Each structure stands twice: as structure tokens, then as C-alpha cells.
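[1] Based on what follows, work out the 3D shape:
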Amino acid sequence: MSYTVTLESSGKTFHIKPSQTILEAALEAGITIPYGCMSGMCGSCKIKLESGDVMLEDYQESALSQEEKSAGLILSCQALATENITINIGEIEECDVIESKIIPIKVKSLEKLNRDVIKMMLKLPGGERLKFKAGQYIEFIMADNSRRAFSLANPPHQGLLELHLRLIEGGKFTQFVFNEMKEKSIHRIDAPIGQFYLRESEKPIIFVAGGTGFAPVKSVIEDMIFNNINRPIFLYRGVGKFEDLYMHDLSLEWSNTIDDFTYIPVSQNQSSNSIQMRIGLVHEAVLEDFKSFNNVQVYCCGAPGLVQIAFESFVKKGLPEDEFFADAFTFAPPKK
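    Next up, the predicted model:
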């Protein structure tokens with residue numbers, strides 16, 4: 001038994017089994033829906049249910065508020081159809097879609113950037129180069145077919161793939177990376193994935209990066225430099241303390257060599273280090289500096305809580321909702 005899913009904008013249809021989520025069935029049918037964590041935590045896969053009924057599996061309220069549910073929004077990664085449905089997934093231009101594929105990769109190098117962040121460089125077979133948009137991510141495919149997602153930190157024109165991985169307490173994969181993974185080891189990835197990439201505009205850009213949320217921002221900025229894309233940039237980096245601020249010198253270099261580039265590091269805690277940092281939460285630093293957001297684009301990367309509060313507070317200050325682009329980092333729960 002299966003149900004029919006109809007896309008309101010195009011009239012296209014695909015079939016969905018009762019055991020499949022809308023996202024799973026859409027991807028199987030070659031339909032592109034923006035998504036991130038696939039576990040109901042980030043909210044990237046929100047779509048509108050126009051007709052029919054679905055059952056929602058477990059999700060975090062920060063990913064889908066009660067107000068959004070009342071407006072007909074659902075999380076496609078957690079929604080099971082219980083009858084024929086019609087959905088609105090928004091407009092995704094065909095030129096924006098790069099089909100993902102499963103490929104083998106070799107670990108070229110592993111380098112600790114600080115006490116709990118490691119830089120991993122990956123090499124594709126035969127000198128191949130992955131086609132992707134700056135800001136997208138890849139998924140490691142584990143032996144049990146579970147997946148772990150990490151943003152690419154390099155621009156597309158570079159051959160090696162660069163990842164920034166933070167050690168997560170109890171995190172199975174990051175513990176493996178920090179303690180067991182070897183250089184030259186072979187793994188499988190699915191890439192590229194994600195809708196976080198630079199949109200054409202002349203508006204100033206506000207980048208808000210929490211922790212390793214700096215990785216996709218680095219990818220986008222370096223791609224802008226390579227392609228001579230000149231727009232005013234404000235880079236806000238949020239960390240718990242100064243010691244968490246990796247690649248600080250690179251951010252400083254950009255601010256010293258790129259016209260109209262402003263770099264603001266923000267720490268939640270006072271540091272004895274001599275570096276000048278704002279103290280507080282990173283989204284609050286942005287709010288202090290901008291009286292209005294009606295003529296900027298915002299690209300925000302970090303934990304779901306940061307993405308949610310940044311979106312809500314910036315929209316209240318005038319940011320059009322469709323000028324906020326986000327990549328929310330979620331983590332697999334530790335095994336008990």
C-alpha cells in the first residue's frame with residue numbers, strides 16, 4: 001500500500017509508503033527538499049502541508065513551534081503520510097541542485113586545531129574533484145548505515161575536502177576520529193548535501209558562526225574571494241571562551257586584507273588573553289550593532305538554539321524571513 005504526494009507548485013507526484021517519511025520518499029523519487037539533520041532537531045526540512053493528514057514522529061520544539069504547526073508547517077524528515085497529501089516545498093531552481101552521490105574517500109591528514117577541534121583533509125579517488133556549492137556538507141556513512149553530517153570548510157575550487165570536527169562528549173563518531181581514525185584510511189561519504197550557500201544579491205552579508213559553524217562560513221568566504229564577489233561582510237564568531245576560537249588568525253587576515261570586511265569575535269566568558277573580544281552571546285552582539293535588518297542577508301551556522309534565537313530576534317528587527325539562511329548543527333545522542 002502507498003499514498004500519493006502532490007507538489008502544489010508543479011503538480012508533480014510521487015508515491016510514499018506508510019513506513020517512509022516524506023523526506024525519504026521525496027529523495028527516493030529525485031525530488032529535492034532542503035534538509036539537515038534528518039532527526040527532527042534542526043528545522044531545515046520544514047514544508048507546508050496543504051491538504052491531507054500526516055503523523056509526526058519525535059522532534060524538538062525548537063525545530064517546529066506550535067505556532068508553525070498551526071500554520072500548517074511540518075518537518076518532512078519526521079512526517080509519515082496517513083492518506084494522500086499535497087505539500088508546498090517552496091521554489092528550488094534546477095540550477096541550484098547538484099545531485100549527491102556515494103563515493104569512497106581517503107583520509108589525507110588529521111590536525112588538531114585546539115583541544116577539541118580537529119581538521120580533517122579528505123582526498124577523492126583518482127584525483128577527482130567533488131562538485132558542490134560553498135557552504136554545503138557531506139555525510140559519513142557508518143558501518144551500520146547510520147550517518148554523520150559535517151560541513152565542508154574548503155571552497156569548491158580546491159581539490160582536497162576540509163572538515164572541522166568538534167569532539168562531542170559521548171559522541172561515537174567524533175570519539176573514533178580523535179582516538180582511532182588513521183590517516184590513509186578509506187571511508188564512504190554521501191555528497192554534496194544542503195541548501196546553505198550564497199544567494200545572489202548586492203546586500204551586505206552578516207555571517208553568524210557558533211563554534212565549528214565557522215566551517216561552512218569559511219567555505220563561502222574563500223569562494224567569494226576566489227570569484228571576486230565584493231560585498232560588505234560582517235563576520236561574527238561566537239565561542240564559550242577564547243581558547244575555543246580556532247583559526248582566529250585567518251579571520252584577522254581577512255579583516256586586514258579585504259575591503260568592507262568586519263570581524264567581531266564574541267566570547268561568553270571573560271578571558272585573560274589579551275585579544276580584544278566582545279563578551280556575551282553572539283546573536284546579541286549582532287543586535288547591538290544593527291538597528292535594522294531590512295537591507296542585509298544573514299547566514300547563520302551553529303547549534304539549533306543559536307539558529308532559532310538568531311532567526312526570531314533578527315526577524316523582529318526587520319529581517320525578511322527569506323533573507324535568513326541557516327545550517328543548524330545537531331549531534332547523534334550518545335549511546336547509553
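[2] Now do the closest residue to Lys317 other than its chain neighbours, the pLDDT please.
    For Lys317, ignoring the flanking residues on the chain, the nearest one in space by CB to CB, 6 or more residues apart in numbering is Phe293 at 4.8 Å. In short, each C-beta sits where N, CA and C put it, glycine included. pLDDT, Phe293: 97.
[3] Ok, Glu169 next?
    Note on Glu169: pLDDT of 85.
[4] swap in the one 10 residues further on?
    Per-residue pLDDT puts Asn179 at 93.
[5] ok, now which ones touch it?
    Listed by CB atoms under 8 Å, 6 or more residues apart in numbering, the contact set of Asn179 is empty.
[6] Near Asp190, how many residues? Count them for me, please.
    16 (other CB atoms under 10 Å).
[7] For it, what is the enclosing helix or strand?
    Asp190 is part of strand 186-193, with elements assigned from DSSP states H and E.
[8] ditto for Tyr59
    Counting by DSSP H and E, Tyr59 is found in no helix or strand.
[9] ranges for the strands of the stretch 1-150 of the chain?
    3-7, 13-16, 46-51, 54-56, 73-75, 79-81, 85-88, 101-114, 117-123, 137-141, 147-151 (DSSP state E, counting those that start in this stretch).
[10] Among the ones you listed, single out whichever gets nearest to Gly238.
    strand 117-123 (14.3 Å; CB to CB).
[11] ok, back up a step: reformat the strands of the stretch 1-150 of the chain as a markdown table; add mean neighbour count, mean pLDDT and distance to Val282.
    Conversion of those to a markdown table gives the following (neighbours: other CB atoms under 10 Å; pLDDT from 0 to 100; distance: least, CB to CB, whole Å):
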| stretch | mean neighbour count | mean pLDDT | distance to Val282 |
| --- | --- | --- | --- |
| strand 3-7 | 18 | 95 | 37 |
| strand 13-16 | 17 | 95 | 39 |
| strand 46-51 | 17 | 94 | 23 |
| strand 54-56 | 15 | 95 | 31 |
| strand 73-75 | 22 | 95 | 26 |
| strand 79-81 | 22 | 96 | 32 |
| strand 85-88 | 19 | 96 | 32 |
| strand 101-114 | 14 | 95 | 18 |
| strand 117-123 | 19 | 97 | 17 |
| strand 137-141 | 21 | 93 | 21 |
| strand 147-151 | 22 | 91 | 17 |
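[12] In CSV: those, plus distance to Pro304.
    As requested, the strands of the stretch 1-150 of the chain are arranged in CSV below (distance: least, CB to CB, whole Å):
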stretch, distance to Pro304
strand 3-7, 26
strand 13-16, 26
strand 46-51, 13
strand 54-56, 17
strand 73-75, 12
strand 79-81, 18
strand 85-88, 23
strand 101-114, 23
strand 117-123, 19
strand 137-141, 15
strand 147-151, 13
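[13] residues in contact with the residue nearest to Lys317?
    Phe293 neighbours (CB under 8 Å, 6+ apart): 206, 314-315, 317-319.
[14] In helices, which of those appear?
    Counting by DSSP state H, the part of the contacts of Phe293 found in helices is 314-315.
[15] Now which of the contacts of Phe293 would you call buried?
    206, 314, 319 (16 or more other CB atoms under 10 Å).
[16] What sits closest to the second one if chain neighbours are left out?
    If I follow you right, that is Phe314. Nearest to Phe314 is Phe293, by CB to CB, 6+ apart, at 5.0 Å.
[17] Tyr236 versus the one you found, what's the distance?
    Distance, Phe293 to Tyr236, using CB to CB, to the nearest Å: 13 Å.
[18] shared neighbours, the two?
    With CB under 8 Å, 6+ apart, Phe293 and Tyr236 have common neighbours Ile206.
[19] now the helices: where do they sit in the chain?
    Under DSSP H, the chain gives helices at 22-28, 66-70, 172-179, 214-226, 248-257, 282-289, 304-316.
[20] which residues of the stretch 151-300 of the chain score low on pLDDT?
    Regions of the stretch 151-300 of the chain meeting the criterion pLDDT under 70 cover residues 272-274.
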